[in-house]
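*Asks:* sequence and computational prediction follow.
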Amino acid sequence: NNEEFTKLESDMYVYATDTYFAKGDLANSLRVSTIVYNKVSETWRFRYLRILTLEKYGRNALNSGDLKTAEDYGNQILHMMYRIEGSNLIADVYISKIKDNIKDSKIDLAKQNLGYIWDYEVSANRRATLTDLKTQLGM
């Protein structure tokens, strides 16, 4: 409830976001947001910046085909707190795995992967994709 502290935190968040995240400097965005988050995890602004940065790293890994690293970033988000960014990232990883399993005729593994991700709370479009995959797999 300290107005001075809240204003300073807000100003620092805007600075860090504009200087690092918005310009694509993910390393410094993650470094700064992690320092503040580790010291004062209740600061929602820096927690959010950390989440956005981890998601961006995860999306970059997913786009390059590195599913393990993408999943690790999603889990880092979810270990902080439930955020749709983390669960959607992990869902996208598993959707990719399931599609690859189906393509490779590894139906049992596809069903196993679908079973793993099924109970995650994800966005409507990912739920629709998972439902389609479930139907495709005859589950």
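*Replies:* Looks like it came in fine.

*Asks:* now for the chain, the helix or strand with the poorest mean pLDDT.
*Replies:* Ranked by mean pLDDT, DSSP states H and E, the weakest helix or strand in the chain is helix 3-16, scoring a mean of 89.

*Asks:* who's in contact with it?
*Replies:* With CB atoms under 8 Å, 6 or more residues apart in numbering as the test, helix 3-16 has contacts from 29, 32-33, 36, 43, 45-46, 49. Using the backbone N, CA and C atoms, a C-beta is placed for each residue, glycine as well.

*Asks:* who are the contact partners of the most centrally placed residue in the chain?
*Replies:* Closest to where the C-alpha atoms of the chain average out (CA atoms, centre = their mean) is Gly86, at 2.9 Å. Residues counted as contacts of Gly86 (CB under 8 Å, 6+ apart) are 51, 54-55, 74-78.

*Asks:* excluding its backbone neighbours, what's nearest it?
*Replies:* Ile77 (3.1 Å; CB to CB, 6 or more residues apart in numbering).

*Asks:* buried set for the helix or strand containing the one you found?
*Replies:* If you go by DSSP states H and E, Ile77 is part of helix 67-80. Buried positions in helix 67-80, judged by neighbour count with 16 or more other CB atoms under 10 Å: 67, 69-78.

*Asks:* so which elements touch it?
*Replies:* Where contact means 3 or more CB pairs under 8 Å, 6 or more residues apart in numbering; DSSP states H and E, helix 67-80 is packed against helix 44-63, helix 84-103.
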